[in-house]
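1. Need a 3D model of the following:
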Amino acid sequence: MIGGIDTVIQAPPGIPLADLILGRLRSFWPSAVFQHADATAQFPIDDSWVLMHGGSAREFFVYKDRDAAEAWARHGTIPANSNTMLHFLVSPPAMGELQEVTLVCDQRTKEIDQLIADLQDTFHIDLALV
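-> From the prediction side, this is the model:
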């Protein structure tokens with residue numbers, strides 16, 4: 001975990017949250033790098049491995065690009081790495097209950113707020129109907 005600010009986004013039950021998140025991130029950061037939280041291997045976000053297996057991840061990191069991934073590996077949490085890596089935690093699906101995604105970032109910026117809004121739109125939730 002990178003520390004920082006946690007933002008929880010709710011979503012209807014039964015939707016493929018990780019797949020939807022990764023789809024949005026392919027537009028947000030086209031050169032992004034994916035890393036499962038339980039592994040050291042990293043893959044470009046559009047790599048076939050991510051397309052096949054990334055959607056089953058419940059916890060993962062997405063780096064802005066290869067340089068950011070290398071900087072995080074070398075230096076960890078330093079000011080220069082701020083918001084170049086996002087940490088996602090996806091709640092397991094439970095019958096009929098809202099799912100939650102926690103997005104962890106270093107600071108809320110206009111760019112991060114836009115990503116959060118895009119994810120909320122992507123999840124297309126109307127809590128009054130759930």
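
2. So the spatially most central residue of the chain, which state does it fall into?
-> By Cα atoms, centre = their mean, the mean C-alpha position of the chain lies nearest to residue 88, the distance being 4.1 Å. Three-state secondary structure (criterion: DSSP: H, G, I helix; E, B strand; the rest coil) places residue 88 in strand.

3. Could you give the bridge partners of it?
-> residue 60, residue 103 (DSSP bridges).

4. mind listing what it touches?
-> Contacts for residue 88 (Cβ atoms under 8 Å, 6 or more residues apart in numbering) come out as 18, 21, 57, 59-62, 101-104. C-betas here are computed from N, CA, C, even on glycine.

5. mind checking which helix or strand the residue lying closest to residue 116 once chain neighbours are set aside is in?
-> Once flanking residues are discounted, residue 116 sits nearest to residue 7: 5.8 Å by Cβ to Cβ, 6 or more residues apart in numbering. Here residue 7 sits within strand 5-11, counting by DSSP states H and E.

6. and residue 50, how many neighbours does it have?
-> A total of 23 residues lie near residue 50 under the criterion other Cβ atoms under 10 Å.

7. pretty sure it is in a helix, no?
-> Yes. Using three-state DSSP, the assignment for residue 50 is a helix.

8. quick one on the thing from earlier: from residue 65, how far off is the residue nearest to residue 116?
-> Computed with Cβ to Cβ, to the nearest Å, the distance linking residue 7 and residue 65 is 22 Å.

9. again with residue 112
-> In this structure, residue 112 and residue 65 are separated by 16 Å, where distance is defined by Cβ to Cβ.

10. Mind jotting down where the strands sit in the chain?
-> Read by DSSP state E, the chain holds these strands, from start to end of the chain: 5-11, 33-36, 43-44, 59-63, 85-90, 99-105.

11. Touching the third one from outside, list them.
-> Counting by Cβ under 8 Å, 6+ apart, strand 43-44 makes contact with 31-35, 49-50, 66, all of which sit outside it.

12. ok, the residues you listed vs residue 120, which is closest?
-> When those are ranked by distance to residue 120 (Cβ to Cβ), residue 32 comes first, at 19.6 Å.

13. Quick check: phi and psi at the residue lying closest to the closest one once chain neighbours are set aside.
-> Once flanking residues are discounted, residue 32 sits nearest to residue 45: 4.0 Å by Cβ to Cβ, 6+ apart. Residue 45 adopts backbone torsions of phi -60, psi -20, taken as degrees, to the nearest 10.

14. Fine by me, we can end here.
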